[in-house]
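Chemist: this one's sequence-less:
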């Protein structure tokens, strides 16, 4: 993985991350009240686990990201065998 910075004031160059942060704010930050860093870390970690393993995504064919990843990993493996 190569870390790459985008130019200042160009969120359109990082659309997927910007969209995730918008969802994280709307579904996690706004509905939670944190009293300290440890509590915030735990709540955000739980939300990320929910987002990846239980929250369905219309853009992924109504699968969770984990289900989508496994499906495509299996397809890639089958393609390599064939």
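Modeler: Received, thanks. Fair warning: this is a prediction, and the values are worked out from it, not measured in the lab.
Chemist: What are the buried residues along the host helix or strand of residue 17?
Modeler: Taking DSSP states H and E as the definition, residue 17 sits inside helix 15-24. For helix 15-24, burial by neighbour count (16 or more other CB atoms under 10 Å) applies to no residue. C-beta here means a position set from N, CA and C on the backbone, and glycine is covered the same way.
Chemist: Now the element after it, going C-ward?
Modeler: Following helix 15-24 in sequence, per DSSP H and E, is helix 37-53.
Chemist: relative to helix 15-24, how tilted is that next one?
Modeler: Taking axes from the mean of the first three to the mean of the last three CA atoms, to 10 degrees, one finds helix 37-53 and helix 15-24 inclined to each other by 120 degrees.
Chemist: Report all helices and strands that helix 37-53 contacts.
Modeler: Under the contact definition 3 or more CB pairs under 8 Å, 6 or more residues apart in numbering; DSSP states H and E, helix 37-53 sits against helix 15-24, helix 65-81.
Chemist: now the last one against helix 37-53, angle please.
Modeler: When you say that, I think you mean helix 65-81. Counting by the same axes, to 10 degrees, helix 65-81 points 50 degrees away from the direction of helix 37-53.
Chemist: Could you number the chain from 267 rather than 1 from now on?
Modeler: Yes, from this point I'll number from 267; that puts the last item at helix 331-347.
Chemist: residues making contact with helix 331-347?
Modeler: With contact meaning CB atoms under 8 Å, 6 or more residues apart in numbering, helix 331-347 is reached by 317, 318, 319, 323, 326, 327, 329.
Chemist: Need phi/psi at the last one.
Modeler: Main-chain torsions, residue 329, degrees, to the nearest 10: phi -110, psi 160.
Chemist: try the fourth one
Modeler: Per-residue torsions, residue 323: phi -120, psi 120 (degrees, to the nearest 10).
Chemist: Hmm, it is touching residue 285, no?
Modeler: No: counting by CB atoms under 8 Å, residue 323 stays clear of residue 285, with 10.7 Å between them.
Chemist: Kindly reformat the helices and strands packed on helix 303-319 as TSV containing mean pLDDT and distance to residue 275.
Modeler: TSV is the format used below for these (pLDDT from 0 to 100; distance: least, CB to CB, whole Å):
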stretch	mean pLDDT	distance to residue 275
helix 281-290	89	12
helix 331-347	86	29
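Chemist: I am finished for the moment; much appreciated.
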